[in-house]
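In: show me the folded form of this:
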Amino acid sequence: MTRQEILDFVRSNPTSFMATLDNGEPRVRGMQTAQISDGGLTFCTGTHKDICKQLLANEAVELAYWDESGGVMLRLHGRMEPVDSLDLKQEIVNTTFQFLKPVVKQHGYESLALFRFAGGEYKLWDRNQGGREETGTF
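Out: The predicted model follows:
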């Protein structure tokens with residue numbers, strides 16, 4: 001699977017389950033991918049949220065994207081990097097995550113944190129091909 005094919009899969013299935021670590025214990029939650037670009041996958045969360053604290057303490061992450069209709073799961077393993085960009089926060093709030101406008105109005109853009117998954121390893125599982133697995137680098 002090429003990097004472009006992975007990005008296209010995520011565009012078609014933008015909600016992932018993100019696993020982080022909290023004092024050595026796994027924590028998993030659904031997260032919508034805020035931006036998908038050649039540079040990677042960008043996520044947006046509140047600076048007060050546990051996930052933000054977890055990613056700042058330990059940048060290791062695993063993402064699982066699922067295409068129910070196609071019976072395919074894509075897992076990505078790697079590291080998140082904080083992204084400090086007011087322009088990107090504004091773009092995300094004004095396009096993908098308009099539901100955050102009241103939060104920004106009340107608390108400002110500094111209440112949002114961005115993290116990017118720029119690359120790592122992938123594992124693709126396809127139930128329609130007898131549970132075929134493919135691994136590689138993203």
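In: and Val61, how far from Gly108?
Out: Distance, Val61 to Gly108, by Cβ to Cβ, to the nearest Å: 26 Å. C-beta: built from backbone N, CA, C; applies to glycine.
In: just checking: what are the partner strands of the longest strand belonging to the chain?
Out: With DSSP state E applied, the strand covering the greatest number of residues in the chain is identified as strand 112-126. Sheet partners assigned to strand 112-126 using DSSP bridges are listed as strand 40-46 (antiparallel), strand 72-83 (antiparallel), strand 132-137 (antiparallel).
In: those: which one's closest to Ala19?
Out: The closest of the strands paired with strand 112-126 to Ala19 is strand 72-83. By Cβ to Cβ, the value is 9.2 Å.
In: what's downstream of the closest one, the next helix or strand?
Out: Tracing the chain C-terminally past strand 72-83 and defining elements by DSSP states H and E, one meets helix 86-94 next.
In: out of Val61 and Gly108, which sits in the busier spot?
Out: Neighbours per residue (other Cβ atoms under 10 Å) separate Val61 from Gly108, with Val61 holding more: 23 against 9.
In: mind checking how far the residue nearest to the more buried one when sequence neighbours are not counted is from Thr137?
Out: Here the nearest residue to Val61 in space, its sequence neighbours aside, is Met80; by Cβ to Cβ, 6 or more residues apart in numbering that works out to 5.1 Å. Distance of Met80 to Thr137, computed by Cβ to Cβ: 17 Å.
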